[in-house]
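Peer 1: 3D, please:
(2 chains)
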Amino acid sequence: MLEVKNLCKHYPKFDLVDVSFELPTGYIMGFIGMNGAGKTTTLKSILNIVRPDNGEVKILGKDMSKNEIEIKKEIGFMFGPMDCYSHYTIKKVADVYKRFFDKWDDSLYENYLTKFNIDENKKISDLSAGMKVKLGIAFALSHEAKLIILDEPTSGLDPIARDELLDIMREVIANGDKSILFSTHITSDLDKCADFIIFIRNGKLIANSTKDDLINKYYVLSGKKADLTNELKSKLIGLKNNEFGFSGLIERKDFEKDSQVQKEKPNLEDLMIYLNREEDK
Amino acid sequence: MKNIFYKELKLVVPTALYILFSLLAALVIIPNYPYFVAFGYAILAIFITFSLARDNKDIEFTSMLPIPRNDIVKSKLFTILFLEGVQIVACIPFAILSALVINTGGNLVGLDANFTLFGFAFIEFGVFNFIFIPQFFKTGYKIGISVFWGLTGYMLVALLLEGLVIAIPVLHNILDGYNVENIGYQILVLLVGLGFYILSAFLSYKRAVKNFDKVNF
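Peer 2: Residues are numbered from 1 along each chain as shown, chains lettered A, B, ... in the order given. Below you'll find the model as predicted:
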């Protein structure tokens, strides 16, 4: 569905370096990273909104640089809350927006509005931040797009709305002919629904695999100071020392089975925190 | 292409604004007045329209649409030509009124409301567009400075053209006034002005596309 190869973009104070990944059809990929790590730049470079300096993007098997318009009609994307033309009604903006998509489905769009409890006669400025996000999602999902790219779709949403959105995402890919790529820093969203994870830090991908492989690759260790041998120290990722002891991530292959140190299966938040600390060193 | 122009008219160009400014075309009936000012209100309309569009995140919205980037430039060119066109058309009835009824004796501080005036207006707008459009598309958001330089160009050319007509007796005789004998020369100026305007729009578009291609949102 989506193939990204060696995507690079240079800015005076930031570089996106050789970002490569693949998202197969029928899956959800979560894109995590701290604020400013390069998530939005990557997504915008994929869509040629930011002009990449180098790299190749293929969507539905077609080269993005040669078939941009044709491909963009097959993509639904949302960058942050829908807050354009805030003094106009939703109806007016939607009436313009939908004209650009041959496969726009009015009934699907109306379903999303009903689901999200959005009154299309309201002005966009009258919507709360969360409602603006929902409106952006309704716009992105209403033209039968094959690839859906959402930038931080869950930020600003309350837990119930977030859960609702994750359900919608699962519904969208249920047919098996669509894929979703979405960025977030709320990792619990991905615990619930992502099949693949890519993790970006300072413009470089530091993890790219299925969620299960990523989680099953590591343990989180925590123990007393006395347990922290030099050998263990050298294997720990993102070591944290505190008054009582230490904690850190370790690759399962490096973990000695007879060790007394307490081990736990990490969640994505643990991975993000410890991998990030390691890179900071 | 139709859709992108529809978008401009529905979401970008405020109807009340250009109706209001086009009423200022009535300045052409004031006795002894520099009539090029009446056309210049289109530039104020452009400035306000572009500022509102920036506040409305228009370019961000447009960049989300499945259109080539050049179409964003085309849509803005359309808006500019539309606003200028409205102003020029709005000046026509007032110019007729001025020439045939109110100011038949002529204008002491500038050109009379004749074909030359319209030809010059096209040239002045052409100069404005040639400066403003490529300059604006270097960033997609710096409107003030782009309008400033565009308006400076507009004013300088207006003063230069009218100055030449006043200063050079031959030009004054044939290009100013309502003498029917000279109408051919005046229509020629109108056609040259229109040609210049079209050429300028084309070249401005080319340069703007080149500049905008380097912009990241």
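
Peer 1: only C-alpha atoms for contact and neighbour calcs from this point on.
Peer 2: Noted.

Peer 1: For stretch A:240-257, the averaged confidence score.
Peer 2: The average pLDDT within stretch A:240-257 is 82.

Peer 1: which residues are contacting that stretch?
Peer 2: For stretch A:240-257, contacts defined as Cα atoms under 8 Å, 6 or more residues apart in numbering or on different chains pick out A:216-226, A:228, A:235-239, A:271, A:274-275.

Peer 1: of those residues, list those near chain B.
Peer 2: Among the contacts of stretch A:240-257, proximity to chain B is found for none (Cα under 8 Å from any Cα of the partner chain).

Peer 1: In chain A, which residue is most central in space?
Peer 2: residue A:183 (2.0 Å; Cα atoms, centre = their mean).

Peer 1: Enumerate every residue touching that residue.
Peer 2: Residue A:183 is in contact with A:30-32, A:39-40, A:150-153, counting by Cα under 8 Å, 6+ apart.

Peer 1: For it, give its distance to residue B:68.
Peer 2: Going from residue A:183 to residue B:68 by Cα to Cα, to the nearest Å gives 25 Å.

Peer 1: got the residues of chain A near chain B?
Peer 2: Taking Cα under 8 Å from any Cα as the criterion, chain A approaches chain B at residues A:49-51, A:68-70, A:72-73, A:77-78, A:83-86, A:92-93, A:96-97, A:99-101.

Peer 1: Among those, which are located in strands?
Peer 2: Among those, the members falling in strands are A:77-78 (criterion: DSSP state E).

Peer 1: What segments of chain A are helices?
Peer 2: Using DSSP state H, the helices of chain A run over residues A:39-46, A:68-72, A:90-97, A:106-115, A:129-141, A:159-173, A:187-193, A:211-216, A:230-235, A:268-280.

Peer 1: What does the pLDDT read for residue 67?
Peer 2: Let's take chain A. For residue A:67, pLDDT reads 89.

Peer 1: ah, no, chain B please
Peer 2: Looking at residue B:67, its pLDDT stands at 90.

Peer 1: Let's verify it: helix, strand, or coil?
Peer 2: coil (DSSP: H, G, I helix; E, B strand; the rest coil).

Peer 1: and residue A:127, how many neighbours?
Peer 2: 19 (other Cα atoms under 10 Å in any protein chain shown).

Peer 1: quick one: stretch B:34-49 near chain A?
Peer 2: No: looking at stretch B:34-49 against chain A by Cα under 8 Å from any Cα, there are no contacts, and the closest approach is 12.6 Å.

Peer 1: average pLDDT for that stretch?
Peer 2: Stretch B:34-49 shows a mean pLDDT of 93.

Peer 1: where does the stretch 151-281 of chain A have low pLDDT?
Peer 2: A:281 (pLDDT under 70).

Peer 1: can you rerun that using 80?
Peer 2: Within the stretch 151-281 of chain A, the segments meeting pLDDT under 80 span A:155-156, A:225-235, A:255-261, A:277-281.

Peer 1: beta partners for the residue of it found nearest chain B?
Peer 2: Residue of the stretch 151-281 of chain A nearest chain B, by Cα to the nearest Cα: residue A:151 (12.6 Å). In this entry, residue A:151 is beta-bridged to residue A:79, residue A:183, by DSSP bridges.
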